[in-house]
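# Okay, sequence plus prediction incoming.
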Amino acid sequence: MRFVLASQSPSRRMILESGGVTPIQHPAHIDEDALLETLSDESPATTVCALARAKATVVAEQFPDDVVVGCDSMLLLDGKLQGKPLTVDSTIERWKTQRGKTAELLTGHAVCFQGKWVEETISTTIHFGDVSDKDIVAYAQSGEPLQCAGAFTLEALGGWFIDRIEGDQTSVIGLSLPLLRRALYSFGLSASDFWR
């Protein structure tokens, strides 16, 4: 029995490895934009969880006897879900909008084991610092935040610009270890079953 991560995220892999687990990384390729269009009337929490479930479903079909986890994170800022900024200019614009504000980072999780599912969205409150224009440009140009929900990482350069969080730190990085522990227990498994 193995732990399969339906993601190519180095941050999610790092969380698992720091927790003693060496996952198989098997990214799921889904049309996120098309799925988001079908979810336009859903709540933000339901939306991110549906994205996580879609990713886990694709991978679970290939690993039916293993624990598979799919995740998706988005920032809820001023009532609107924000995905990855993808470009330096978009990152700069995003940071100029979010600096000094409070937002919710939503991470949807879908965990599957032998046809049983645990699905949940973890919400963590992020208090963004009042960051200078110079630091915003330098951070965007570093490339680090371009592929990150909320245009920041908590565990690297972005940590300079987050005043505080309220909630699950591992969920902000991309994968909630407490949620995974509860999911494994519900399947009759233990976290230590996967420690190397």
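Looks like it arrived, so ask away. Numbering: from 1, shown residues only.
# all helices for the protein, in order.
Ranges of helices within the chain are 10-18, 32-38, 44-60, 88-98, 133-142, 169-173, 177-186, based on DSSP state H.
# and the second one, average pLDDT?
Mean pLDDT, taken over the full extent of helix 32-38, equals 90.
# Any figure for the gap between residue 71 and residue 129?
26 Å (CB to CB, to the nearest Å). All C-beta spots, glycine's among them, are computed from the backbone N, C-alpha and C.
# right, so of the helices of the chain, which gets closest to residue 125?
In terms of CB to CB, the element of the helices of the chain nearest to residue 125 is helix 169-173, at 9.7 Å.
# Pull the residues that contact that closest one.
Applying CB atoms under 8 Å, 6 or more residues apart in numbering, the external contacts of helix 169-173 come out as 11-12, 14-15, 105, 107, 122, 124, 126, 153-155, 165, 176-179.
# how far does it sit from the chain's center?
In terms of CA atoms, centre = their mean, to the nearest Å, the centre of helix 169-173 is found 8 Å from the chain centre.
# Mind listing what's buried along it?
Buried residues in helix 169-173, counted by 16 or more other CB atoms under 10 Å: 170-173.
# close enough to count as contact, residue 84 and residue 153?
No. The pair formed by residue 84 and residue 153 falls short of the contact definition of CB atoms under 8 Å, at 11.7 Å.
# Tell me which of those two has more neighbours.
The residue with more neighbours, out of residue 84 and residue 153, is residue 153; 21 against 18, by other CB atoms under 10 Å.
# Just the pLDDT at the closest residue to the more buried one other than its chain neighbours, thanks.
Counting by CB to CB, 6 or more residues apart in numbering, residue 144 is the residue found nearest to residue 153 once chain neighbours are left out, at 5.9 Å. Here, the pLDDT recorded for residue 144 equals 95.
# which residues touch residue 144?
By CB under 8 Å, 6+ apart, the contact set of residue 144 is 153, 156-158.
# In PyMOL, how would I select the buried members of those?
Selection of buried members from the contacts of residue 144 for PyMOL, criterion 16+ other CB under 10 Å:
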select buried, resi 153+158
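# Return the member of the contacts of residue 144 nearest to residue 188.
Proximity of the contacts of residue 144 to residue 188 (CB to CB) peaks at residue 153, which lies at 34.5 Å.
# So in terms of bridging, what pairs with residue 67?
Beta-bridge partners of residue 67, counted by DSSP bridges, are residue 3.
# Spit out the contact partners of it.
By CB under 8 Å, 6+ apart, residue 67 lies in contact with 1-4, 111-113, 184, 187, 189, 194.
# Check the spacing between the residue of the chain most remote from its centre and residue 140 real quick.
Here the chain reaches farthest from its C-alpha mean at residue 134, the gap being 27.3 Å by CA atoms, centre = their mean. As for residue 134, its distance to residue 140 is 11 Å (criterion: CB to CB).
# tell me the contacts of residue 118?
Counted by CB under 8 Å, 6+ apart, residue 118 has contacts 109-111, 179, 182-183, 186-187.
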